[in-house]
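Student: Everything below, folded, please.
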Amino acid sequence: MIECIFIGDELLDGRILNRNQQSIAGFLAVQGYLVKQATSITDHPDQIETVIKDAMKRSRIIITTGGLGPTEDDRTTKTIADTLNLSLFKDDDSIQKIKDYFNKTNRPFYESNEKQGLFPNGAIVIPNNNGTAPGFALNYKDTWLFVLPGPPSEMLPMLNGPVLDLLNKHCSAYQKQLKTSLFKCYGAAESELSDRLNTLYPLPKGVNITFQVRHPEIHIRLHAESEITQ
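Tutor: Numbers count the residues shown, from 1 in each chain. The predicted structure follows:
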């Protein structure tokens, strides 16, 4: 199972719209990796710890975004390390790249940015070419964690690069083949269409029918999910 965890107080108090969920789920679906669960949580360490522990019990691929900045309320890396009982190591190359980024943009480097060069032991550092917060990948007890920054301009290039490469290399067993057919219906109520299709149930394994009201139409999608033959 693939699960996404979106971390940040701003996602829950109305400051920003969480577009990362749509972007990640849509991108991965095209690649054959289907997100089965997504959760938005605050930056509070207790909540991060609880959600990570629960996700580790049910999911083999976990993707998080947010909480990798330099300030005190950016707690994702340390909390994940503490949750998994891993110590942190300092990656000098990452810190140097952050310094180079500030030099290139004519801005001073502050000591608080050094925390962005800390990673849990065993992590694979994912460079950030569009900001100051590197991400990382970690294989822990047969579960892959991909920990990415929140800003889409930084997260998406990582997803469509190092993360996808690692998924294809280590997690191809979780790829699915998904075929979808869309039927646009007009002039009938959603309940009427549901009754018309009722004789199709129970559906074959891997097949799903979904309804969506898109006034003045009703959209019915037929999804067929199957394993990819290697």
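Student: Could you list the low-pLDDT ranges of this protein?
Tutor: Where the chain drops to pLDDT under 70, the residues are 228-230.
Student: in it, which spans are helices?
Tutor: 20-31, 45-58, 76-83, 92-104, 152-158, 164-170, 190-196 (DSSP state H).
Student: can you map out the strands along this structure?
Tutor: 2-7, 35-41, 61-65, 88-90, 118-120, 124-126, 135-140, 143-148, 176-186, 207-214, 217-227 (DSSP state E).
Student: How about residues contacting the last one?
Tutor: The reference is to strand 217-227. For strand 217-227, the external contacting residues (C-beta atoms under 8 Å, 6 or more residues apart in numbering) are 34, 176-186, 188-190, 193, 197, 206-213. Any C-beta I mention is one placed from the backbone N, CA and C, and that applies to glycine too.
Student: before we move on, back to that, and among the helices of the chain, the most buried is which?
Tutor: helix 76-83 (a mean of 20; mean count of other C-beta atoms under 10 Å).
Student: angle of that helix against strand 143-148?
Tutor: 160 degrees (axes from the mean of the first three to the mean of the last three C-alpha atoms, to 10 degrees).
Student: Show me what helix 76-83 is packed up against.
Tutor: Helix 76-83 sits against helix 45-58, strand 88-90, strand 118-120, strand 143-148, with contacts defined as 3 or more C-beta pairs under 8 Å, 6 or more residues apart in numbering; DSSP states H and E.
Student: Run the chain-centre distance for that helix.
Tutor: Its chain's C-alpha centre and that of helix 76-83 lie 17 Å apart, by C-alpha atoms, centre = their mean, to the nearest Å.
Student: go on, stretch 191-206?
Tutor: With C-alpha atoms, centre = their mean, you get 32 Å for stretch 191-206.
Student: Repeat that for stretch 127-145.
Tutor: How far stretch 127-145 lies from its chain's middle: 11 Å, per C-alpha atoms, centre = their mean.
Student: First-to-last residue distance for that stretch?
Tutor: 16 Å (C-alpha to C-alpha, to the nearest Å).
Student: Sort out which residues of that stretch are buried, please.
Tutor: Residues of stretch 127-145 classed as buried: 128, 130-138, 140, 143-145 (neighbour count, 16 or more other C-beta atoms under 10 Å).
Student: list the buried ones in stretch 4-20?
Tutor: Neighbour-count burial for stretch 4-20 flags 4-8, 11, 18, 20 (criterion: 16+ other C-beta under 10 Å).
Student: which residues sit against that stretch?
Tutor: The contact list for stretch 4-20 (C-beta under 8 Å, 6+ apart) reads 21, 24-25, 35, 37-43, 48, 51-52, 55, 62-67, 73, 76, 150, 152, 155.
Student: Need the distance between the two termini of it.
Tutor: 10 Å.
Student: ok, now stretch 107-123?
Tutor: 29 Å.
Student: Buried residues in that stretch, which are they?
Tutor: In terms of neighbour count (16+ other C-beta under 10 Å), stretch 107-123 has its buried residues at 113, 115-120, 123.
Student: Dump those to TSV, plus distance to S87.
Tutor: Shown next, in TSV, are the buried residues of stretch 107-123 (distance: C-beta to C-beta, whole Å):
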residue	distance to S87
N113	21
K115	15
Q116	17
G117	15
L118	10
F119	10
P120	8
A123	11
